[in-house]
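1. Below are the sequence and a predicted model; questions follow.
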Amino acid sequence: MARYGMLMNTTKCVGCFACRVSCQMQNELPVKESFIKFYEKELGVFPNVKNEIIPVQCQHCEDAPCASVCPTKATYVTKDGIVLVDEERCIGCKYCMVACPYNARIHSEETGCVEKCRFCAELVAEGKQPACVSTCISNARIFGDLDDPNSDVSKAIIKYNAKPLRPDLGKAKIYYVR
């Protein structure tokens, strides 16, 4: 069984928001709702300054704190490591939103449920890439099986010495090149 994960190379991200727009389209989200947030960080000292764009979304944590606090078990981790929300079971209590250390969940006004990045599980089941990966114009995103040493994502993590955004918060399945 695969254990899916992603690499985000912030040195390649140009902040075009194509990933966010494709995610919104794939998930039929209203314009004001998004599973991907962007943070900007200025690095260096004038005149040698550069701007780093850091896309942040659900990190699909190994031991997902959002799943452990969900009173209805609506949030769960699949066998292949994707953290999902069962909308039939979600009561909209927002405990998972509070527990998420990445602030990666949104409360849908339309459904009353808490939603988040699903790694486009329906596309992955068909052997396709998540929408954010397939539309990234700078190829800053790589998706695949973290347990397969020959996968593009595993090779890139080693090549770039990629690390989780916050290794102090436990094992995340999104790695960053910064």
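-> Everything's here; your move. The shown structure was predicted, so the numbers you read here are calculated from the model rather than taken from an experiment. Residues are numbered from 1 along each chain as shown.

2. Now the residue of the chain most remote from its centre, what are its backbone angles?
-> Most distant from the centre of the chain: residue 47, at 33.4 Å, with distances by C-alpha atoms, centre = their mean. Dihedral pair for residue 47: phi -90, psi 0, per degrees, to the nearest 10.

3. same check, this time on residue 145
-> Main-chain torsions, residue 145, degrees, to the nearest 10: phi -90, psi 110.

4. can you check residue 122 too?
-> The phi/psi pair for residue 122 (degrees, to the nearest 10) is phi -70, psi -30.

5. Quick one, grab the pLDDT at it.
-> On pLDDT, residue 122 comes in at 97.

6. same thing with the one 4 residues further on?
-> As summarised for this prediction, residue 126 has a pLDDT of 97.

7. From residue 132, how far off is the residue farthest from the centre of the chain?
-> For residue 47, the distance to residue 132 equals 34 Å [C-beta to C-beta, to the nearest Å]. For every residue, glycine as well, the C-beta is placed using N, CA and C.

8. can you give me the offset of stretch 33-40 from its chain's centre?
-> For stretch 33-40, the separation from the chain centroid amounts to 10 Å (computed by C-alpha atoms, centre = their mean, to the nearest Å).

9. what's next to that stretch, contact-wise?
-> With contact meaning C-beta atoms under 8 Å, 6 or more residues apart in numbering, stretch 33-40 is reached by 15, 17, 19-20, 23-24, 27, 29, 51-58, 103-104, 106, 108, 115-117, 132.

10. and that stretch, average pLDDT?
-> 96.

11. Then stretch 60-77?
-> 97.

12. and the gap between the residue farthest from the centre of the chain and residue 41?
-> As judged by C-beta to C-beta, residue 47 and residue 41 stand 18 Å apart.

13. Show the contacting residues for the residue nearest to residue 9 when sequence neighbours are not counted.
-> Closest residue to residue 9 apart from its sequence neighbours, by C-beta to C-beta, 6 or more residues apart in numbering: residue 177 at 4.1 Å. Counting by C-beta under 8 Å, 6+ apart, residue 177 makes contact with 7, 8, 9, 10, 11, 12, 156, 160, 161, 162.

14. Now that the third one has come up, it's in contact with residue 160, right?
-> Yes: with contact defined as C-beta atoms under 8 Å, residue 9 and residue 160 form a contacting pair (6.9 Å).

15. residue boundaries of the helices in this structure?
-> Shown for the chain, the helices assigned by DSSP state H span residues 18-26, 65-69, 95-99, 121-125, 131-134, 152-160.

16. Packed most tightly, which of those helices would that be?
-> Of the helices of the chain, the one with the most neighbours on average (mean count of other C-beta atoms under 10 Å) is helix 131-134, at a mean of 22.
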